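Undergrad: next one to model:
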Amino acid sequence: MIKRPRLSRSPDPNVVRVRTEGNGLGAFKTLVVLLLIALQLGVLIFLYMRIVEAFGAYVTLSLALSVLTAAFVLSSDQSPSTKAVWVFVVLVLFVAGFLLYFASDRRVFYGRSRRRCDAIFRRAAAYAPLGCDTAGADARVREDAAYLAQTGQFPAFRGTDAAYFSSGGKLFDDVLSRLRTAQKFIFIEYFCIADGALLERFIAILSERAAAGVDVRVIYDDMGSHSTFRGRTKRRMKAAGIRVLPFNRLVPALNIGMNFRDHRKIVVVDGQTAYTGGANLADEYVNEVRMYGYWKDAGIRMDGSAVDGFTFLFLRQWEFLSREEEDYAPFLGLASPRANGALYIPYACGLDFDAPIGRNVYRNMIASAQGRLWLMTPYLVPDDDLLDLLASKAEGGADVRVILPGVPDKGIVYRLTLANGEKLAKRGVKVYCMRDSFVHSKLMLTDCSAAVGSVNMDMRSFYEQFESAVYTDDAAVRTALEKDFVQTFVECAPLSLQRGALGRLFDRLLQIAAPLM
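TA: Got it, this is the predicted structure:
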């Protein structure tokens, strides 16, 4: 069994570990949904076995189809590690593996939604912010900006000031202060919204602003919030004039599409101010309660031209969920440009784009880093290409450092995270674990750029979730991130694992499924 990293300070005995992400009704709902899905799966397995028994020739046919499917997988544009896992699954489970593979293809479960999404993108293009040129920026920054413009049509903006927040508490204090001043509209989009002290502060302000005629809209992920965001709270918000929409409603049906979630964190106020980062709208993110020790998170506020990028992202998602055409014009071009000439590029990723944009932004930043490459992430389960690139940078003399949690929130993923951290440490990367804390920040800092947002360093964020972030070359933001990293290093200890032979064997087995996590 793997042990927690050896740290120099024992856990705080006064820490109260309260699971604010759950309640009795939510747990019951989850159980009912899982039981109904299991029942459907059982019925399908039963019928499938009867077919196999009745038609012996099917076994031969399924073997042939599995071999063809394996060849199809190898010729696809997926990552090499993902291909290897799928070939293994398809051939070992040959009587049904090919069905499983094609049932998980996004063209099957997301085809209709993608066509509707494409139609929204085409219509919204007439309102898309134009951004600016990137002349004068570092050549590496220009390359990253060109990539984002080409793959996602994400423009670069100047005329933007920013403030970086090194904790969820600081972030949400600032958000609440800006919400109080809203005059036109408030847009909010979170993966997890949870009943509690923080949400009550939000509801009080949002209700007062809605009563004053402000257009208040909230998007939440139904799986991320299903056991925390109660129906009576939603009804109270709607009664106060707040429009609330769920993303990918959780239903008791055997549907692989349920795995794909809206993990974005966006707040926009009057088109003047926008926020993104790692923190969700729940008490543990501001350390009102302690679930996994101290919760380390981060976020950023932008004022000025770049706000249009997040406004535009939110409105497209709202139109997708509401199924009503949106007039974007009244919500764009409202911010007064600031004097700052640094570049800011709000961007997103998800099934509404062809490329894994979040992953590739990280990859490009890693590849172009020269002197410094610092990373803070709760999960370290990327593909082999990214792991090898990180290690190669360290071997080439770059200052590569990774901060991971000292306290896990998901046991299996944490084992993989530490095992991957160990691989990097053996090749010269400085890997740290923050003492008695769960690190939830998603940060990357290089010698010329920084990225702050919701994108984890794992395959779920890269391929299965809708994410948001901002890329910038602003020296002030990079200095603020550097300060946060330096202060956090003091609260960390170098990664040191204690595992027996069985633990190492188990971790190797977990690595087989890692590309699908």
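Undergrad: so residue 96 makes contact with residue 62?
TA: Yes. Assessed by Cβ atoms under 8 Å, residue 96 is found in contact with residue 62 at 7.4 Å. Where you see a C-beta, it was placed from the backbone N, CA and C, and this is true even at glycine.
Undergrad: for residue 346, give me its contacts.
TA: Residue 346 makes contact with 154, 157, 274, 276, 302, 306, 309, 310, 313, 468, 469, 470 under the criterion Cβ atoms under 8 Å, 6 or more residues apart in numbering.
Undergrad: the first one: neighbouring residues, count only.
TA: Right, the one you point to is residue 154. When neighbours are counted by other Cβ atoms under 10 Å, residue 154 registers 26.
Undergrad: again, but for the last one
TA: Residue 470 is flanked by 27 other residues according to other Cβ under 10 Å.
Undergrad: could you chop the protein up by domain?
TA: Following automatic domain parsing, the chain resolves into domains at 24-109, 111-349, 357-516.
Undergrad: measure the residue lying closest to residue 352 once chain neighbours are set aside to residue 321 for me?
TA: Among residues not flanking residue 352 along the chain, residue 117 sits closest, at 4.7 Å (Cβ to Cβ, 6 or more residues apart in numbering). Going from residue 117 to residue 321 by Cβ to Cβ, to the nearest Å gives 11 Å.
Undergrad: quick one: which of these two has more around it?
TA: Applying other Cβ under 10 Å to residue 117 and residue 321 shows that residue 117 carries more neighbours, namely 19 against 15.
Undergrad: so the more buried one is in which element?
TA: helix 111-124 (DSSP states H and E).
Undergrad: quick one: contacts of the helix or strand following that helix?
TA: Sequence order places helix 139-152 as the next helix or strand after helix 111-124, per DSSP H and E. Residues from elsewhere that reach helix 139-152 (Cβ under 8 Å, 6+ apart): 131, 134, 137, 154-156, 343, 345, 347-349, 353-355, 357, 360-361, 364-365, 368, 448-449, 471, 473.
Undergrad: what residues of the helix holding residue 117 count as buried?
TA: Residues of helix 111-124 classed as buried: 113, 117, 120, 121, 124 (neighbour count, 16 or more other Cβ atoms under 10 Å).
Undergrad: what would those residues look like in TSV with distance to residue 382?
TA: Shown next, in TSV, are these (distance: Cβ to Cβ, whole Å):
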residue	distance to residue 382
113	26
117	26
120	30
121	28
124	31
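Undergrad: now pLDDT too, for those residues, in TSV please.
TA: Converted to TSV, those look like this (pLDDT from 0 to 100):
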residue	pLDDT
113	84
117	92
120	96
121	95
124	96
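Undergrad: any idea how far whichever strand or helix holds residue 348 is from the chain center?
TA: Assigned by DSSP H and E, residue 348 falls within strand 344-349. Mean-position distance between strand 344-349 and its chain equals 13 Å (Cα atoms, centre = their mean, to the nearest Å).
Undergrad: roughly how far out does the very next helix or strand once past that strand sit from the chain middle?
TA: Next helix or strand after strand 344-349 toward the C-terminus (DSSP H and E): helix 357-368. Centroid displacement of helix 357-368 relative to its chain, using Cα atoms, centre = their mean, is 15 Å.
Undergrad: the helix or strand just after helix 357-368 pairs with which strands, and in what direction?
TA: Sequence order places strand 372-376 as the next helix or strand after helix 357-368, per DSSP H and E. Sheet pairing for strand 372-376, assigned by DSSP bridges, gives strand 399-405 (parallel), strand 443-446 (antiparallel).
Undergrad: buried ones in the first one?
TA: Same thing as strand 399-405. 400, 401, 402, 403, 404, 405.
Undergrad: pLDDT value on residue 187, please?
TA: For residue 187, the pLDDT comes out at 98.
Undergrad: doesn't it fall inside a strand?
TA: Yes. Residue 187: assigned to a strand according to DSSP: H, G, I helix; E, B strand; the rest coil.
Undergrad: pull the number of nearby residues for the residue lying closest to residue 259 once chain neighbours are set aside.
TA: Closest residue in space to residue 259, ignoring its immediate chain neighbours: residue 464 at 6.0 Å, by Cβ to Cβ, 6+ apart. By the criterion of other Cβ under 10 Å, residue 464 has 18 neighbours.
Undergrad: which pLDDT value belongs to residue 464?
TA: Value for residue 464, per-residue pLDDT: 86.
Undergrad: got any ranges where the stretch 401-517 of the chain has weak pLDDT?
TA: The model of the stretch 401-517 of the chain has pLDDT under 70 over residues 498, 507, 510, 512-517.
Undergrad: for it, which segments count as helices?
TA: 411-426, 459, 475-490, 501-513 (DSSP state H, counting those that start in this stretch).
Undergrad: which residues are in contact with residue 174?
TA: Contacts of residue 174 by Cβ under 8 Å, 6+ apart are 163, 165, 275, 301.
Undergrad: let me fix that, I meant to ask about residue 362.
TA: 382, 386, 444, 451, 455, 457.
Undergrad: close enough to count as contact, the first one and residue 458?
TA: Yes. Between residue 382 and residue 458 there is a contact at 6.4 Å, judged by Cβ under 8 Å.
Undergrad: can you give me the helices for the stretch 151-300 of the chain?
TA: 168-179, 197-211, 231-239.
Undergrad: out of those helices, flag the one nearest residue 477.
TA: Closest approach to residue 477 among those (Cβ to Cβ): helix 168-179, 14.2 Å.
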